[in-house]
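1. The sequence isn't on hand, but the structure is:
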């Protein structure tokens with residue numbers, strides 16, 4: 001009977017460690033990919049302004065990027 005309880009405890013421990021390790025591993029990979037390939041960059045903001053028929057100044061582009069970076073913390 002004790003063999004079954006030990007086996008069960010080992011499997012539950014492995015499951016918990018796998019879930020915790022998988023969570024932190026996936027989180028690290030996701031952050032790394034977002035840093036390499038940000039979802040929005042200055043070219044995209046410039047294109048968005050141009051599609052609305054406006055020529056953006058550099059100050060406007062920097063302001064939009066700053067606001068987006070602050071909101072994505």
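-> Received, thanks. In this text the structure is predicted, and so the values were computed from the model without any measurement.
2. and stretch 59-71, which residues are buried?
-> Using 16 or more other C-beta atoms under 10 Å as the test for burial, stretch 59-71 gives 61, 64. Placement of C-beta: from N, CA and C, glycine included.
3. what does it contact?
-> By C-beta atoms under 8 Å, 6 or more residues apart in numbering, the list of residues contacting stretch 59-71 from outside reads 40, 42, 45, 46, 49.
4. what's the last one in contact with, if anything?
-> Spelled out, that is residue 49. Contacts of residue 49 (C-beta under 8 Å, 6+ apart): 55, 56, 60, 61.
5. So the third one: helix, strand or coil?
-> This means residue 60. helix (DSSP: H, G, I helix; E, B strand; the rest coil).
6. cool, and the first one?
-> Counting by three-state DSSP, the backbone at residue 55 sits in coil.
7. per-residue pLDDT, the residue lying closest to residue 42 once chain neighbours are set aside?
-> Leaving aside its chain neighbours, residue 42 sits nearest to residue 61 (5.5 Å; criterion: C-beta to C-beta, 6 or more residues apart in numbering). Here the pLDDT value assigned to residue 61 is 91.
8. Off-centre distance for the lowest-mean-pLDDT helix or strand in the chain?
-> Here the helix or strand of the chain ranked lowest by mean pLDDT, DSSP states H and E is helix 58-71, holding a mean of 88. Centroid separation for helix 58-71 versus its chain: 19 Å, with C-alpha atoms, centre = their mean, to the nearest Å.
9. Kindly report the same for stretch 41-49.
-> Using C-alpha atoms, centre = their mean, the offset of stretch 41-49 from its chain centre is 21 Å.
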